[in-house]
Structures are given as structure tokens and as C-alpha cells.
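J.: give me coordinates for this.
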Amino acid sequence: MKRTIEIEQAEIRELREKAILNQHKKNKLSAEERLKLLYDGGEYREILCHVKTQCTDFNMQEKKVPGDGIIAAYGFVNGRLTYSYAQDFSVLGGSLGLKHAEKIMRVLDLALKNGAPVIGLNDSGGARIQEGVESLAGYAGIFYRNTKASGVIPQISAIMGPCAGGAVYSPALTDFVFINKENAYMFLTGPEVVKAVTGEKIGFDDLGGSDVHTKKSGVAHFVTEDDEHTIESIKTLLSYIPQNNLEDPPYIPNDEQSDKFSNPVPDDPKIPYDTHELIENIFDEESFFEVQENFAKNIVVGFARLAGYSVGLIANNPSSLAGVLDINASVKASRFIRFCDCFNIPIISLIDVPGFLPGSTQEHNGVIRNGAKLLFAYCEATVPKIGVIIRKAYGGAYCVMSSKHIGADFNFAWPNAEIAVMGAEGACNIVFRKDIAASKDPSSLREKLTEEYRNTFANPFVAAELGYIDEVIKPEDTRNVLIDSLISCLGKRESGPDKKHGNFPV
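T.: Next up is the predicted model:
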């Protein structure tokens, strides 16, 4: 029979209607339905829609289908050009063969040339075994393009089904990873292989489900309830970031921000508080979009708006581990800072940090190396950097958290802030150890000396006199001070010495 457009379209339509039924049985949407939710008005243009696998081994010639188990597309999301691909699990398990991979590579090539974000909707059983090394070549080609595009265009991955073996590395190379709470998981080797090799019995969810990757491994940045929630969350994320590294992030005017300030921060530096409450008081109402909410809760990162401008926010969180920096917090914040720096998003830091977490576990697992990542990220960033010390900044953590000494443009502090090598009590126990031990009333003397030390050395006016703090500000003035300083350095241009790239402490 002679092939015609009508016959080809009918065949594709039949396959996609079958896919819809199969996916709905699993409480999932089809690849086509997902893309319709993503694009404005449900309209998009397909790329390479007639492509079929060329493999004939293992009777694969009988399984050829138009599209080869993936839809590659472009269209507009929030009115902005966006490229995407959606894997179709109903066709050969969404497995990746060479032609399947070539469609993803084409999407990445076009997006890079045209300076537009890429969104990958992943739902695949992994490499197509029947195609052997060609499947592996396809994966490698995708990884290469992910790496080339990194820092040039935003890359977003959604795990909406299985993602195993080589399939996990492309999402891991992208900027942000979403994972569905149900029916989605990521792992290099599945439960059966784990059992065969190690003898360990473990289920899909416990090995690579959403809880694992949003709470323990940190691989995924967002957990979503279902396909609809995933797509809506991706759209929200896109509203904070630019099309590419040569553009500024979207500006959304805000005329309804209340001037009321309710300070949730206790004066006593030992009393915890939730930094989310402080964020709500400073930034545009309901504008905070948190990243990795359930991972390393001792530091909070995410996007917010300040007078309509998109900013990246890093805040120590005293309600978790007293806001101390540890391995996971350092890695989480450093990666977020580097994304913001790639895409011209100013960085604002709310600082309340007692130092780095001590202990053999942290030392043996590389807190020095991983803490250096956060230091490197702040030092390397050339976007506007503004820091506010809320209550305390002790020791090396003061240096690391966007201090003026590592290139911050503006640094402010609240009146009760303490800036010192360590807390006043700990310092006195060292400096005045002999005096306290010899005293008839060690407790009273320690208390007196601690207060004197705090007033003399730890208050923010000492740092301000040295030029390390631009201004000591009232808490209720924080929002307006941040707005003024942000606007003053939006045109910042900074370049470093010529080099291929730095040696990031990975």
C-alpha cells in the first residue's frame, strides 16, 4: 500500500489512543497528554514524528512504530519558546534506541542554537537491549549535549515513571529534577540486580522512589503528587528563570506587598525559629518557590521575588540542626548558587549560622571538601550578591556565607547580630579559662566575661567600623534596604582572569 500523510497520521493516532488507555490504567497520563498540559493552549509542533527504529534483530522489524516511543516538540510555555521531549512508556516500555535518542539530541541541539529551555518528561525502562551498543551510543550522545548545554540554557527533567540504568544520568546532568510521588523511581541497578549481586532484598520505592531522592540522596529537587502537579510546578519554575545565559530573568511587577513586618526572630541566639517565616516577611507575598525542600533542611534555598525582580535565596534555618552547615547543606546551596550565577539571577543570603557541624562522621565523609564547594560557589559567582546577618555568623561559616571578603556587593546586619570566631561563651571558656577556674564563683565570672566579650567583640558595629558591614539596619527596614541595594547593582558586570575553567572541589 502506498504510504500517504493520512495513513501515517492514522497509524500515529491509533498508537497514541492505545497509549492513553494503557497509561490511564496506571493513573498516569500519556506522553501526548503531558505535552498538551505543558504548552500554552495545548499546542505544540512535533519534531521527527515519522522516525522509526532501524533495528531488525530479535524480530524488531515487526515492532517498528512511528515516533519510536518518544514525542519531540517545541512550542510556547508562559508565552516563551520551549523545547521538550516526552517518552511513551506504552511503546517498547519507552526504551531508548538510537533513533529514539537522536530525537532527544535534536531537541537539545535546536534548543542550544535558539537559546531556549529544554524540558525532558522521562518515562522509560532504560536502554533498548535489542539495539545493543547503538542504544549506549544514543545515551552517550545525549549526555554530551546535556553537558555542552549546561550553563547556557536551562535544562529541566521530570521523572514520571521508571528511570533506570543509563537513563538516570541525563536527568542528573540537568539543572532541576522533578519526581512524581507515585509510579516514579530512579536507580542505576534495579532490585533484581541488587539482590543477585549483594543479596539485599529491596523494593522499587525503597531503592529509588521519591522519598529516597528528595530526602536522602538529594538527586531530585522537587516531589510532585501526580502528572498534572508536575507540569504546573515546571511552569512555575520557568517563571523565575531566563531563556538562556544572555538574558535577564523575568520581571513581574508587584504592587500589593504589605509594608507590615512581623519579626519571628528571637533575640536569644540559642532559641530556634523557622526561617520560612522570616522569608515571608521580607520578599514579595507568596513568591517563594523552594528548591530541595526536604533535603538538608538546615539550609533553605529557592527562588523569590523582591519588588518584582527574580532572586535566588539562601538562608540558614535555625529550626533544623541550629542552622549549622554540614556536607549536605553545603552541596545543596553550592549547586543552587552556581545555577543562579549561570543565569544572571541575583543572590540574597539571610545568615544565621553557628559554624560547620563538628564530628568524626562529617570529617570522615569530607566536610572539608564539600564545605569548600559552598565557598567556591560564592567566590566564583559574579551576579549581584547581598547578605544580611540576622543573629550570628561564627568562624569559617561567616567567611563562607557571602561575606564581603569573598566578593559580596552589600553586607548588612541586624543590631543584635554576633560576628566572631565563635560564640561568646565558648570564646570566654578558652580565653579566660585560667581566670574562671581560679574564681570562687566560676559561673558568675563566666557570665560576666561572656557579656563583656559579646559587647566588645561580637557586636556588628565592630565589623561595621572595619568596613566589613555596609550598614547595621533595623529588622523592619530589611525589605526596603534589600530592594535599594538590589536595584543599585542590577547592572553589575564583573570578569575574572582568563582561564578555561576553575577546578571545582567535586
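J.: could you pull out the strands for the stretch 51-200 of the chain?
T.: In the stretch 51-200 of the chain, strands defined by DSSP state E, counting those that start in this stretch lie at 70-77, 80-87, 118-122, 155-159, 162-164, 176-180, 185-187, listed in chain order.
J.: just the CA atoms of stretch 76-88, as PDB, please.
T.: Taking Å, rounded to 0.1, in the frame of the first residue of the first chain, the C-alpha atoms of stretch 76-88 are listed here in PDB:
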ATOM      1  CA  PHE A  76       5.400  28.200  23.900                       C
ATOM      2  CA  VAL A  77       5.200  27.900  27.700                       C
ATOM      3  CA  ASN A  78       4.100  31.000  29.500                       C
ATOM      4  CA  GLY A  79       4.500  32.700  26.100                       C
ATOM      5  CA  ARG A  80       8.100  31.700  25.800                       C
ATOM      6  CA  LEU A  81       9.700  29.300  23.300                       C
ATOM      7  CA  THR A  82      10.400  26.000  25.000                       C
ATOM      8  CA  TYR A  83      11.700  22.700  23.600                       C
ATOM      9  CA  SER A  84      10.800  19.300  25.100                       C
ATOM     10  CA  TYR A  85      10.500  15.600  24.700                       C
ATOM     11  CA  ALA A  86       8.100  13.100  26.300                       C
ATOM     12  CA  GLN A  87       8.900   9.400  26.400                       C
ATOM     13  CA  ASP A  88       6.000   7.000  25.600                       C
END
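J.: returning to what we had before: possible to save the strands of the stretch 51-200 of the chain as JSON lines with mean pLDDT, distance to residue 20 and mean neighbour count?
T.: C-beta coordinates here come from the backbone N, C-alpha and C atoms, glycine included. Formatted as JSON lines, the strands of the stretch 51-200 of the chain follow (pLDDT from 0 to 100; distance: least, Cβ to Cβ, whole Å; neighbours: other Cβ atoms under 10 Å):
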{"stretch": "strand 70-77", "mean pLDDT": "96", "distance to residue 20": "13", "mean neighbour count": "23"}
{"stretch": "strand 80-87", "mean pLDDT": "97", "distance to residue 20": "13", "mean neighbour count": "23"}
{"stretch": "strand 118-122", "mean pLDDT": "97", "distance to residue 20": "15", "mean neighbour count": "26"}
{"stretch": "strand 155-159", "mean pLDDT": "98", "distance to residue 20": "18", "mean neighbour count": "27"}
{"stretch": "strand 162-164", "mean pLDDT": "88", "distance to residue 20": "19", "mean neighbour count": "24"}
{"stretch": "strand 176-180", "mean pLDDT": "97", "distance to residue 20": "18", "mean neighbour count": "25"}
{"stretch": "strand 185-187", "mean pLDDT": "92", "distance to residue 20": "23", "mean neighbour count": "24"}
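J.: residue 215 is nearest to which of the ones you listed?
T.: Distance to residue 215, taken as Cβ to Cβ, is lowest for strand 176-180 among those, at 11.3 Å.
J.: can you list the strands that that closest one pairs with?
T.: strand 155-159 (parallel), strand 222-224 (parallel) (DSSP bridges).
J.: make CSV out of the strands of the stretch 51-200 of the chain and add distance to residue 18.
T.: Putting those into CSV (distance: least, Cβ to Cβ, whole Å) gives the following:
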stretch, distance to residue 18
strand 70-77, 14
strand 80-87, 16
strand 118-122, 19
strand 155-159, 23
strand 162-164, 19
strand 176-180, 22
strand 185-187, 24
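J.: do you know which of the ones you listed lies nearest residue 376?
T.: Checking the strands of the stretch 51-200 of the chain against residue 376 by Cβ to Cβ gives strand 176-180 as the closest, at 20.8 Å.
J.: where do the helices of the stretch 151-300 of the chain begin and end?
T.: Assigned by DSSP state H, counting those that start in this stretch, the stretch 151-300 of the chain shows helices spanning 169-173, 191-198, 204-208, 210-211, 227-238, 275-282.
J.: residues contacting residue 190?
T.: Residue 190 sits next to 164, 204, 207 when contact means Cβ atoms under 8 Å, 6 or more residues apart in numbering.
J.: quick check: angle from the lengthiest strand in the chain to helix 275-282?
T.: Across the chain, the longest stretch assigned as strand under DSSP state E is strand 385-394. Strand 385-394 runs at 140 degrees relative to helix 275-282, counting by axes from the mean of the first three to the mean of the last three Cα atoms, to 10 degrees.
J.: may I see the buried residues of the helix or strand where residue 452 lies?
T.: Here residue 452, judged by DSSP states H and E, is contained in helix 442-453. Neighbour counts over helix 442-453 (16 or more other Cβ atoms under 10 Å) mark 445, 446, 449, 450, 453 as buried.
J.: I am finished for the moment; much appreciated.
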